[in-house]
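[1] Below are the sequence and a predicted model; questions follow.
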Amino acid sequence: MKTVLILWLPLALAAGCGKKGGGTDVVPKVIFDDVSVVEGTGASVNVEVTVKLDQKTGKAVTMTYSSVDGSARAGEDYTAVSNKTLTFQPNEIEKKFSIAVTGDDLREGDEIFAIKLENTVNAVVPKASGNITLRNDDTKVGFNNTGYDAPNNYPGYTLSWADEFNGTSLDAGAWTNELGDGCPTLCGFGNNELQYYTNPPSNLFFQDGKMLIEARQESVAGKNFTSARIKTQGKKSFQFGRIDIRALLPYGKGIWPAFWLMPQDNVFGGWPRSGEIDLMEYVGSEQSKVLGTLHFGPGPGSTYITKNYFLPTGTFHDQFHVFSLEWKTDQIKWLVDGNVYATINKADLGANNYPFNEKFYFIINMAVGGNLPGPPDANTVYPQWLIVDYIRIYQ
């Protein structure tokens with residue numbers, strides 16, 4: 001497939017120039033236009049770049065051109081060019097060159113690289129670079145199923161509910177999809193989050209027996225990011241048991257996925273008095289660390305106890321891991337890949353009320369920005385995916 005990119009040189013003469021139509025003192029201008037092309041799914045496509053002079057000149061015009069990485073990377077997304085010479089002979093007004101773009105079948109964000117002109121002789125270049133945007137045209141997210149997998153039974157426990165996410169849509173009997181930014185009741189969901197939550201399949205979809213929540217950088221309803229958040233409130237609530245969630249986590253500053261539980265009935269009053277159980281929280285800029293936390297206290301702010309777990313090798317983005325709770329009367333344990341890393345007992349709350357012997361429901365979400373991770377920065381890559389294999393409850 002051939003895509004044409006025209007670098008257009010408009011009709012203009014430099015100040016002080018005299019002759020037109022081939023005079024030796026004519027100085028044309030060079031202007032780059034930003035252009036986007038479809039990436040494609042084949043091994044390679046050629047972007048044909050056409051450079052034009054606005055008028056003939058009696059002098060040879062020369063310049064060099066090079067590619068400059070942006071979010072598109074040489075060697076991965078396109079073939080780099082460096083200090084290639086482009087020469088217009090006298091009275092010649094058009095030259096062409098090609099750049100190879102590497103196609104694939106993976107869902108990803110649009111990517112950009114630049115073409116830069118330098119060392120120009122006998123022409124004026126007011127804007128010395130132009131962007132080439134590679135538009136994604138694929139739907140498949142690239143991941144594999146490597147990593148830890150939990151056993152499917154435990155002594156003394158029976159599987160009471162599970163969602164294996166093997167279908168093509170959310171189980172409406174278990175999950176509700178939350179929309180918006182929390183306003184007006186709880187803007188930014190109380191954490192100064194920056195995303196707008198949408199309906200499936202915009203930011204929540206299914207692939208290879210997994211549920212994927214996608215965070216994207218896009219403008220919706222006054223927010224600059226979109227994502228998804230689901231909950232079992234009013235449909236599925238739980239009191240005690242073993243909870244396993246197998247997932248592959250995203251990465252990047254400002255990315256904040258979580259698996260957490262909130263009280264179904266608010267027996268002791270509004271947050272934080274009736275408690276919050278954070279089974280797993282993760283800050284995308286700290287890829288080998290997860291958090292387990294209890295929130296409680298008389299309010300209005302939270303009193304909390306939080307524990308950290310660090311992977312001995314690798315990151316939570318490299319492969320799947322299983323995040324678990326062992327939840328009993330007056331005690332909660334947190335586990336990663338079957339290893340207990342934290343235990344909190346009723347006595348650890350001191351004089352505070354212990355609200356964690358009541359029924360709780362699940363929330364799965366991926367926030368962008370907020371009090372814990374801070375805002376994204378220029379190095380955060382989009383889209384990002386929270387990939388959940390299953391959630392299983394044993395009681």
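    Great, that's in hand.
[2] pLDDT value on T102, please?
    The model reports T102 with a pLDDT of 83.
[3] Likewise for P257?
    Value for P257, per-residue pLDDT: 98.
[4] can you pull the contacts of it?
    213, 247, 249-250, 281-282, 284, 365-367, 386 (C-beta atoms under 8 Å, 6 or more residues apart in numbering). Heads up, the C-betas are built off the backbone N, CA and C, glycines and all.
[5] quick one, phi psi at L212?
    phi -120, psi 130 (degrees, to the nearest 10).
[6] Sorry, wrong one. I was asking about S66.
    Taking degrees, to the nearest 10 as the convention, S66 sits at phi -140, psi 150.
[7] residues near it, how many?
    15 (other C-beta atoms under 10 Å).
[8] Now intersect the contacts of P257 with the strands, please.
    213, 247, 281, 365-367, 386 (DSSP state E).
[9] Grab the nearest non-local neighbour of Y148.
    D337 (4.2 Å; C-beta to C-beta, 6 or more residues apart in numbering).
[10] got the contact list for that neighbour?
    Here D337 is in contact with 148, 321-322 (C-beta under 8 Å, 6+ apart).
[11] Which of those sits closest to G70?
    H321 (32.0 Å; C-beta to C-beta).
[12] burial of the closest one, as a residue count?
    So H321, with other C-beta under 10 Å, has 24 neighbours.
[13] Okay, and it sits in which element?
    When elements are assigned from DSSP states H and E, H321 belongs to strand 321-328.
[14] Sheet-wise, list the partners of that strand with their directions.
    Sheet neighbours of strand 321-328, with direction, are listed as strand 241-248 (antiparallel), strand 331-336 (antiparallel) (DSSP bridges).
[15] Just tell me which of these ends up closest to T102.
    That would be strand 241-248 among the strands paired with strand 321-328, by C-beta to C-beta, at 24.4 Å.
[16] Now do the closest one, average pLDDT.
    pLDDT averaged over strand 241-248 gives 98.
[17] Give me the angle between the helix or strand that it is followed by and strand 321-328.
    As assigned by DSSP H and E, the chain's next helix or strand after strand 241-248 is strand 255-263. Here strand 255-263 runs at an angle of 20 degrees relative to strand 321-328 (axes from the mean of the first three to the mean of the last three C-alpha atoms, to 10 degrees).
[18] partners of strand 255-263 in the sheet?
    strand 276-281 (antiparallel), strand 360-368 (antiparallel).
[19] Export the first one to CSV, keeping only CA atoms.
    Only the C-alpha atoms of strand 276-281 are listed here, as CSV (Å, rounded to 0.1, in the frame of the first residue of the first chain):
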residue,chain,number,x,y,z
GLU,A,276,-13.3,0.1,52.9
ILE,A,277,-11.2,-2.9,52.0
ASP,A,278,-8.6,-2.3,49.3
LEU,A,279,-7.7,-5.8,48.1
MET,A,280,-5.1,-4.4,45.6
GLU,A,281,-4.1,-0.9,44.6
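[20] What helices and strands are in contact with the very next helix or strand once past that strand?
    Per DSSP H and E, the first helix or strand lying C-terminal to strand 276-281 is strand 289-296. For strand 289-296, the elements it packs on are strand 276-281, strand 303-310, strand 331-336, strand 339-345, judged by 3 or more C-beta pairs under 8 Å, 6 or more residues apart in numbering; DSSP states H and E.
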